[in-house]
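In: I would like to see how this sequence folds:
(one chain, ligands or ions: 1)
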Amino acid sequence: MPERSVDLRSDTITLPTAEMREAMASAAVGDDVYGEDPTVNRLQEMAAARVGMEAALFVASGTMGNTCALLAHTRCGDEVLFESLAHMYVFEGANYAAVAGLGVRTLDSEYGAVKPEDLTAAMRPLDIHFPPTRLLCVENTHNNHGGAVLRPQELAALTEAARSHELRVHMDGARLFNAAVAAQVDVREYARQVDSVMFCLSKGLSAPVGSLLCGSRTFIERARRMRKRLGGAMRQAGILAAAGIVALERMVDRLRVDHEHAARLAEGLAGIEGLHVHMPPLPSNMVNVNVSDRGWVSRDLIERWRPLGILCNPRPPSSVRLVTNRHISAGDVDYVIGVTRDLAAAD
Ligand SMILES: Cc1ncc(COP(=O)(O)O)c(C=O)c1O
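Out: Coordinates of the predicted model:
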């Protein structure tokens, strides 16, 4: 076993805090399918107020929140638009097709922010040959674009174009609070521009389980029906929601530290010969490192790092993704930079 463990695979590895565990142990609970769990109700009210929307629904995961959003915004046979590398398109088991029965088209972008003119160019005339395009999904921060933050003004330009084509807009905001902290805006600046937003409690915010889907009261009522259909209506879920309340109250401001650590890691690794660090214009808690100039593929770095206790996920063929989180200290960052410099020198 390596002496040190620096787990940079994801911010989903974060463990609940002692305060979360205490809140879970003493949570007042009831049957949430009857709407009688006071802790779930409180979390949902807090979440809706926090994003400035009418209502919120507690769901088991980000994927379930996104799936409920697809189902609640569309009908089978409609079409949804995703950015080409979107988590909802790439990593959610084709739920848009397998569960919601949707057609799909993708739009390319440089850092996750689709250009309004590209959206407009993709729109088709009303014609019985085409599925009706109903929904645009945006992701913020964008996982596959290195944690890129969508700025509120970029979102505004895109949503204006979407509205002019009568599209609804859903935001996959799994890391919405990272975006708001990095852009130094209130999360409402994002939420007021979209029809629905999903954010996760179980990533950098460190709760063990759960996400919130937020939107209008009518939309959330429909999403609640869809959550039931998916088997996601839970009973004494207040045990989980209690940790989520602590996450929202205590864990948002410290995301800034994760961003500082990511910037420090990026800067240090960028100084090592043969490593290329790709950072988006406005980064957050992720760092993508490309090793092709050393003649390596992703696995070559992963296998060198593993015995040193450093874990990360591949971005094949020749990149890795590092995600800072609550369990990564500045000392861990310096350790990674130091041992990687030694590895590169000895190679
Ligand atoms: C951008 C994004 N959206 C959605 C999800 C799905 O969240 P979950 O793993 O809770 O289903 C993830 C998970 O990593 C994500 O990164």
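In: every contact and neighbour count from this point should use C-alpha atoms.
Out: Will do.
In: residues contacting the closest residue to the ligand within the stretch 151-300 of the chain?
Out: Residue nearest to the ligand within the stretch 151-300 of the chain (C-alpha to the nearest ligand atom): Ala174, separated by 4.7 Å. Ala174 makes contacts with Gly62, Glu139, Asn140, Thr141, Met198, Phe199, Cys200, Lys203, Ser211, as judged by C-alpha atoms under 8 Å, 6 or more residues apart in numbering.
In: next: Met46.
Out: When the contact criterion is C-alpha under 8 Å, 6+ apart, the partners of Met46 are Ile245.
In: what helices or strands is the strand or helix carrying Leu322 leaning on?
Out: Element membership of Leu322 [criterion: DSSP states H and E] is strand 319-323. On a contact count with 3 or more C-alpha pairs under 8 Å, 6 or more residues apart in numbering; DSSP states H and E, strand 319-323 meets strand 286-290, helix 298-305, strand 313-315.
In: and those, which is most packed in?
Out: Most buried of these, by mean neighbour count (mean count of other C-alpha atoms under 10 Å): strand 286-290, with a mean of 26.
In: neighbouring contacts of that strand?
Out: 146-147, 259, 262, 265-266, 275-279, 298, 318-324.
In: list buried members of these by neighbour count.
Out: For those, a neighbour count by 16 or more other C-alpha atoms under 10 Å gives the buried set as 146-147, 259, 262, 265-266, 275-279, 298, 318-324.
In: burial check on Ala48, number of neighbours?
Out: With neighbours defined by other C-alpha atoms under 10 Å, the count for Ala48 comes to 21.
In: residue contacts, it?
Out: Applying C-alpha under 8 Å, 6+ apart to Ala48 gives the contacts Glu54, Ala55, Ala56, Cys214, Gly215.
In: that older thread, tell me the confidence at the residue of the stretch 151-300 of the chain closest to the ligand?
Out: On the pLDDT scale, Ala174 is placed at 98.
In: ditto for Glu273
Out: For Glu273, the pLDDT comes out at 94.
In: ok, back up a step: between the helices and strands packed on strand 319-323, which gets nearest to Ala345?
Out: Ala345 lies closest to helix 298-305 among the helices and strands packed on strand 319-323, at 13.1 Å (C-alpha to C-alpha).
In: which outside residues touch the closest one?
Out: 290-291, 311-320, 343.
In: Asp293: neighbour count?
Out: Neighbours of Asp293 under the rule other C-alpha under 10 Å: 12.
In: then Gly231?
Out: Going by other C-alpha under 10 Å, the residues that sit close to Gly231 add up to 9.
In: phi and psi next, for it.
Out: Here is the backbone geometry of Gly231 (degrees, to the nearest 10): phi 80, psi 20.
In: again with Ala49
Out: Ala49 adopts backbone torsions of phi -60, psi -40, taken as degrees, to the nearest 10.
In: can you tell me how far it is from His145?
Out: Note on Ala49: its distance to His145, by C-alpha to C-alpha, to the nearest Å, is 29 Å.
In: the more surrounded of those two?
Out: Between Ala49 and His145, His145 has the larger neighbour count (other C-alpha under 10 Å), namely 23 against 15.
In: quick one: residues contacting the more buried one.
Out: In this structure, His145 makes contact with Leu85, Tyr111, Gly112, Pro280, judged by C-alpha under 8 Å, 6+ apart.
In: please repeat the previous calculation with a cut-off of 10 Å.
Out: Applying C-alpha atoms under 10 Å, 6 or more residues apart in numbering to His145 gives the contacts 85-86, 109-113, 139, 278-280, 283, 286-288.
In: same check on Gly30?
Out: Glu36, Asp37, Pro38, Thr39, Val40, Arg235, Gln236, Ala237, Gly238, Ile239.
In: quick check: the fourth one touching Val246?
Out: Looking back up the chat, that one is Thr39. No - Thr39 is beyond contact range of Val246, at 11.4 Å (criterion: C-alpha atoms under 10 Å).
In: intersection of neighbour lists for these two?
Out: Common neighbours of Thr39 and Val246 (C-alpha under 10 Å, 6+ apart) are Met24.
In: give me the distance between Ala113 and the ligand.
Out: 14 Å (C-alpha to the nearest ligand atom, to the nearest Å).
In: which positions in the stretch 51-200 of the chain make contact with the ligand?
Out: Neighbours of the ligand within the stretch 51-200 of the chain, by C-alpha under 6 Å from any ligand atom: Ser61, Gly62, Thr63, His87, His142, Asn143, Asp172, Ala174.
In: mind checking the SS state of the closest residue to Leu15 other than its chain neighbours?
Out: Of all residues not flanking Leu15 in the chain, Ser206 sits nearest, at 5.7 Å (C-alpha to C-alpha, 6 or more residues apart in numbering). Secondary structure, DSSP: H, G, I helix; E, B strand; the rest coil: Ser206 is coil.
In: how about Ser206, phi and psi?
Out: Main-chain torsions, Ser206, degrees, to the nearest 10: phi 80, psi 0.
In: understood, closing this out.
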